[in-house]
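**Q** A structural model of the following input is requested.
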Amino acid sequence: MKCLLTKEKMMKKLIPALILFAVIISVEFIYSEPLTVSSAIAVGSAISSVKLFTNRAEIARTSNLNLKKGMNTIIIDGLPDNLYDWSVKGTLPEKFDGKIMSIEISKTALIEKKQKNILVIEKKLEELKELDSELIDELANIKQQENFLDSVTKFTEQEASKELSTRLPQTTVWNNTMDYISAKKKNIMTSKRSVHKKRKELAKKIQSLEFDLYQIAGKNYYNSYMKLNKAIEQNTALIETQQYGELSEQYEIQQKSLMESQSGIDTEKRLMLTIFSSEDSTTDFSLTYIIPDTFWNMKYDFRANRNKNEIEVIVYSEIYQKTGEDWENVNLSLSTLTPVSNINIPQAPSWYIDVREEFPKVRSSASIKGLGAPASAKMDSAPVPARKPAPIPEAEITSKGLSMEIAFPVKQTIESSKSYQKKYLKSYTVKTGKSLDFFLQTVPQMSSNSYLIANIINSTELPWLAGEAQIFLENEFVGKLNLPDTPINMNNELVLGIDPSVKSKKELVNKYEDKTGIFGGNRKIIYTYKITVENSTKDNKKITVIDNIPVSRNSEIKVEIEQSSLKPLDDAETKKSTDYARGVRKYILNMEPESKKEITYNAVIIFDKDLNITGLK
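**A** Now for the predicted structure:
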């Protein structure tokens, strides 16, 4: 009884819910329209912008779509074969009332497209050769006119000879005849030159198309095509009945070579996407993808002018793109970012310290018969840290996260080719003062020459990436150098050339060895050096002298510098440098016009007389 009551109560509760559900379904069925799924529609796309990284590029394409209400299937073909599938991304306008449901990338062979291109080229060649035939016919007509005029001239000459021998000459007739012949020949020669000029221009177009045919269809197809056309021309030129046996054979060879070349046929990719639209509408669709085979580098011109105390820095970009698609009239921007496929934080290697295990020296094989070779010491292998690309400096032109971008002011066209294309970016003028200093530098131990140096600080808004730089001094080309990465506010020293007006030399004036007993069992060697710098100009010169002193690599060898006539740079920053640690010393000389200065010092080396020392002079 309780069970029956329970079921009764449950039914009473369910019936209202079921009725409500039925009503909702019926209302939706009556008032809602069914969703439609359109058949696939092929649309074109055009490259609108390119963001070029230092190792690849991001391509943005746009298409205009006419969508029906419901589900739409769109196909965009003609995409490059080498794009990264994982990088493909599609976007619709933010206010579009719909959604991208799926995106699929597939690869298709360009057999049909290749054959169509071949047919188009062959048709153009046929049209051009037909025009050339017409010009040849025109030349034949001109030749007939020339022959006629020649016959008139010959006839006139004969008649003139007869008249001179029999009666008074009719000079008026002769003059009229000569004027007629002269005018006609002039017109004929003008026409002939015009025809030859047209044939020359046609020949260039035909040659260009034949080269394209060779590149697209291949050598075998091209050779067969040329033989087939030659056979056709010879056959049609014959008066007797035409023979088609040889033509059929050449045609068979031509088609066979075309089919054989399909094994290496190019391919392209196509995008198939499904878009749901809430109503019939027209909208733009944006497609982006990453593609390799392209990069850019910075290049520079440094134009130094000592009279104006300035350097003009001209920055260029050198662009290489062999992606297979031309960038025509696109918005181009350059990014300093170097995208990588996998980003890994390097692991710090382990640093193990242990007591070295000594092993007995290996004796000859005869003396160690029966003894096993000692086992090699086992070492814990530290994980090899992943190589990380050189850090890219941040910039302020357009900051994009960890990189910066340079946008070109006008649209650019860059064809896919093996050549590098140089584009002007921006120029800056750096004045002497805080950001620029001209000075001379000499290394007298190595050369008597003095080199003009510009110590320049990157005070521009743009970090200087590593690249080739051309150096000019007073508009004269000096040479090239490889500029290292130079972030903003960092300095670089540019060598501007040799200044012959300042000479230097380093001499070993004396070498003395003290063997007196006061040093016990030690040896003491004293080297006396003299550096001479001479300024032969009528100008003041700031000169940096680079010298080196001996450096001890063993605590049992002592090195001291005594009786130095000039103190080298030894500030805290200088002492921290690697050059200072390896014995490089810098002296700063402010020299007056036509003056000479000397730097002298003693390099003293002390060591135990029983030690075998290397590096002594």
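
**Q** Count the neighbours of residue 65 for me.
**A** 19 (other CB atoms under 10 Å). Every residue, glycine included, has its C-beta placed from N, CA and C.

**Q** Quick check: it touching residue 287?
**A** No: between residue 65 and residue 287 there is no contact under CB atoms under 8 Å: 11.2 Å.

**Q** and the gap between residue 271 and residue 351?
**A** The spacing between residue 271 and residue 351, counted by CB to CB, to the nearest Å, is 52 Å.

**Q** now residue 42
**A** For residue 42, the distance to residue 351 - CB to CB - is 62 Å.

**Q** so where does the nearest residue to residue 483 once chain neighbours are set aside fall, helix or strand?
**A** Spatially, and ignoring its direct neighbours in sequence, residue 483 is nearest to residue 469 (4.4 Å; CB to CB, 6 or more residues apart in numbering). Using DSSP states H and E, residue 469 falls within strand 467-473.

**Q** and residue 187, how many neighbours does it have?
**A** Other residues close to residue 187 by other CB under 10 Å number 12.

**Q** secondary structure class for it?
**A** Taken by DSSP: H, G, I helix; E, B strand; the rest coil, the conformation at residue 187 corresponds to helix.

**Q** mind listing the strands for the stretch 451-600 of the chain?
**A** With DSSP state E, counting those that start in this stretch, the ranges of strands along the stretch 451-600 of the chain come out as 467-473, 476-483, 491-499, 502-514, 522-535, 541-548, 558-562, 584-591, 595-608.

**Q** Take the ones you listed and write them to JSON lines, including distance to residue 299 and mean pLDDT.
**A** Listed next are those as JSON lines, based on distance: least, CB to CB, whole Å; pLDDT from 0 to 100:
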{"stretch": "strand 467-473", "distance to residue 299": "5", "mean pLDDT": "92"}
{"stretch": "strand 476-483", "distance to residue 299": "9", "mean pLDDT": "90"}
{"stretch": "strand 491-499", "distance to residue 299": "15", "mean pLDDT": "89"}
{"stretch": "strand 502-514", "distance to residue 299": "31", "mean pLDDT": "91"}
{"stretch": "strand 522-535", "distance to residue 299": "36", "mean pLDDT": "92"}
{"stretch": "strand 541-548", "distance to residue 299": "29", "mean pLDDT": "92"}
{"stretch": "strand 558-562", "distance to residue 299": "44", "mean pLDDT": "91"}
{"stretch": "strand 584-591", "distance to residue 299": "31", "mean pLDDT": "92"}
{"stretch": "strand 595-608", "distance to residue 299": "40", "mean pLDDT": "92"}
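
**Q** Nearest to residue 148 among those would be which one?
**A** strand 476-483 (64.3 Å; CB to CB).

**Q** where's the residue nearest to residue 458 when sequence neighbours are not counted relative to residue 523, distance?
**A** Distances taken as CB to CB, 6+ apart place residue 486 nearest to residue 458, at 4.9 Å, with adjacent residues excluded. Residue 486 sits 48 Å away from residue 523 when distances are taken as CB to CB.

**Q** cool, residue 564 as well?
**A** From residue 564 to residue 523 the distance is 22 Å (CB to CB).

**Q** for residue 107, same thing?
**A** Taking CB to CB, one finds residue 107 at 79 Å from residue 523.

**Q** Can you give the domain ranges for the chain?
**A** 41-110+267-291, 112-263, 294-338+391-435+459-492, 501-608 (automatic domain parsing).

**Q** Nearest to residue 451, out of the ones you listed?
**A** Of these, the one closest to residue 451 (CB to CB) turns out to be domain 501-608, at 9.5 Å.

**Q** name the helices or strands packed onto the biggest helix by length in the chain?
**A** The helix that spans the most residues within the chain, counting by DSSP state H, is helix 111-166. With contacts defined as 3 or more CB pairs under 8 Å, 6 or more residues apart in numbering; DSSP states H and E, the packing partners of helix 111-166 are helix 171-217.

**Q** could you check the angle helix 111-166 makes with the helix it packs on?
**A** Here helix 171-217 runs at an angle of 160 degrees relative to helix 111-166 (axes from the mean of the first three to the mean of the last three CA atoms, to 10 degrees).

**Q** Helix 171-217 - what's its average pLDDT?
**A** Helix 171-217 shows a mean pLDDT of 81.

**Q** what packs against that helix?
**A** helix 111-166, helix 219-237.

**Q** With respect to residue 599, which of those lies nearest?
**A** Per CB to CB, nearest to residue 599 of the helices and strands packed on helix 171-217: helix 219-237, 72.3 Å.

**Q** list the contacts for residue 505?
**A** The contact partners of residue 505, taken as CB atoms under 8 Å, 6 or more residues apart in numbering, are 444, 448, 531, 532.

**Q** bridging residues for it?
**A** Per DSSP bridges, the residues bridged to residue 505 are residue 532.

**Q** Likewise for residue 287?
**A** In this structure, residue 287 bridges to residue 61, residue 90 when assessed by DSSP bridges.

**Q** that older thread, of the helices and strands packed on helix 171-217, flag the one that's most buried.
**A** Sort those by mean neighbour count, taking mean count of other CB atoms under 10 Å, and helix 219-237 sits at the top with a mean of 15.

**Q** For residue 588, give its distance to residue 313.
**A** 26 Å.

**Q** neighbour count winner among the two?
**A** Between residue 588 and residue 313, residue 313 has the larger neighbour count (other CB under 10 Å), namely 21 against 12.
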